[in-house]
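K.L.:
Pasting the sequence and the predicted coordinates here, then a few questions.
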Amino acid sequence: TAKAWVVLGAAICVAVLPIAEFTAAVSNATEYYVVPTGNDGNDGLSPATAWASIQHGYTAAVLVPGDTVQILAGTYSTTGSITLSLSGTATDPIVYRGPDSGGAVVDAGGGGFAALELTANHLWIENLEVTNTSGEGVRLDGDSCVLVSCYTRGGMSDAVFVTGADNTLHHCVLQGPSTY
């Protein structure tokens, strides 16, 4: 099977804008932490009390616009889509950020599903690697979302499948048979 490498291709780039680290400007913004050895029963407010799953802030309905989820280095294995369905706002997106040095990996274990599914609006996803799915690497159904320095690889039907509007990808490496 042929694989295609796309580095921020024009077909997927809605806008090319200068990148600055996003910092929530709301006074009630909270920073949460996730690590594969964490526990979703924890409060997620420090690396020592981190959650285990990236989507826990959504499933527990604790995230609000302006919050940041720090995704610490490690492999996050999943047997179904990691679905992020709580929306931020235009001025206060919900941020999911892996370490600048890399190492935050979503491994779908060869499953035939979207490894990462963004159904909310105004999400900012940064420094995340998605691998090992026969479905889409990232399914982007939300609007006004930003992916920065993300990497998809490993046998996907689509590296990124976009149905939402006004989404932006910056400095992403997308490997898969097709990218929409």
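P.N.:
Sure, I can see it. Quick caveat: nothing in here was measured; it's all calculated off a predicted structure. Residues are numbered from 1 along each chain as shown.
K.L.:
how close does Ser46 sit to Thr30?
P.N.:
To Thr30, Ser46 is 11 Å away according to Cβ to Cβ, to the nearest Å. C-beta here means a position set from N, CA and C on the backbone, and glycine is covered the same way.
K.L.:
who has more neighbours, the two?
P.N.:
More crowded of Ser46 and Thr30, by other Cβ atoms under 10 Å: Thr30, with 16 against 12.
K.L.:
from memory that one sits against Gly57, does it?
P.N.:
No: assessed by Cβ atoms under 8 Å, Thr30 is found out of contact with Gly57, at 9.3 Å.
K.L.:
Could you report the separation of Ser85 from Tyr58?
P.N.:
Distance, Ser85 to Tyr58, using Cβ to Cβ: 6 Å.
K.L.:
Those two - which one has more neighbours?
P.N.:
Tyr58 (19 against 16).
K.L.:
Tell me how many other residues crowd the closest residue in space to the more buried one that isn't next to it in sequence.
P.N.:
Computed as Cβ to Cβ, 6 or more residues apart in numbering, the closest residue to Tyr58 that is not its neighbour in sequence is Leu86, at 5.0 Å. Counted with other Cβ under 10 Å, residues neighbouring Leu86 total 20.
K.L.:
Report pLDDT for the most centrally placed residue in the chain.
P.N.:
Most central in the chain under Cα atoms, centre = their mean is Ile125, positioned 4.2 Å from the mean C-alpha point. Per-residue pLDDT puts Ile125 at 96.
K.L.:
Could you list the paired strands of the host helix or strand of it along with their orientation?
P.N.:
Assessed by DSSP states H and E, Ile125 sits inside strand 123-126. Sheet pairing for strand 123-126, assigned by DSSP bridges, gives strand 94-97 (parallel), strand 146-148 (parallel).
K.L.:
on contacts alone, who are the packing partners of the strand or helix carrying Leu169?
P.N.:
Using DSSP H and E, Leu169 falls within strand 168-170. Judged by 3 or more Cβ pairs under 8 Å, 6 or more residues apart in numbering; DSSP states H and E, strand 168-170 is in contact with strand 146-148.
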